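Asker: What would the 3D arrangement of this be:
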Amino acid sequence: MTNQNLGDYDTICKAVMDLDPRIRFVGVINERGKLLGGGLREGLKSLEEQKDDEMLFTEVALRARMRKEFDSQLGKVKFAMSVREKVVIMSFPISEREILYVSASTEIDYGSIPKIILTML
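Answerer: Numbers count the residues shown, from 1 in each chain. Below is the predicted model:
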């Protein structure tokens, strides 16, 4: 997916959300952690407060920038995943300035879902 194809963030997010009902949230964030599109699955309650969402997105963006430090030695990051007690968090760099952020319940098949998302990107 190139930058020109990112015009409609909500369409991209909906396509990822439709992959699995255990996906809770899909959003596109910029390099500063600002949410550009997407959101929480309808009918679900967020696990954190809105102000904590902003901090979480900022942390994801910061980690993505930090990972770039090793691109020349290790190659570019395809995706990163964090498995927590209550949620699985995945981030996919989709351009130099945008990151696809996905959170899902811990029951999700986190061996196959990231691979499917990568094929979509």
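Asker: What's the local residue count around residue 102?
Answerer: 26 (other CB atoms under 10 Å). In short, each C-beta sits where N, CA and C put it, glycine included.
Asker: Same check on the one 10 residues further on?
Answerer: When neighbours are counted by other CB under 10 Å, residue 112 registers 11.
Asker: Worst mean pLDDT across the helices and strands of the protein, which element?
Answerer: helix 50-67 (a mean of 84; mean pLDDT, DSSP states H and E).
Asker: Listing request: residues of this structure with sub-threshold pLDDT.
Answerer: For the chain, applying pLDDT under 70 flags the ranges 1-7, 48-51.
Asker: how close does the residue of the chain most remote from its centre get to residue 67?
Answerer: Distance to the chain centre peaks in the chain at residue 73, reaching 24.1 Å (criterion: CA atoms, centre = their mean). Residue 73 sits 12 Å away from residue 67, going by CB to CB, to the nearest Å.
Asker: The residue farthest from the centre of the chain: which element?
Answerer: Assigned by DSSP states H and E, residue 73 belongs to helix 71-74.
Asker: Need the residues that contact that helix.
Answerer: residue 77 (CB atoms under 8 Å, 6 or more residues apart in numbering).
Asker: repeat that for 7 Å
Answerer: Residues outside helix 71-74 that contact it (CB atoms under 7 Å, 6 or more residues apart in numbering): none.
Asker: And it, how far out from the chain middle?
Answerer: Here the centre of helix 71-74 is set off from its chain's centre by 22 Å, with CA atoms, centre = their mean, to the nearest Å.
Asker: Following the chain onward from it, which element is next?
Answerer: Counting by DSSP H and E, the next helix or strand C-terminal to helix 71-74 is strand 80-83.
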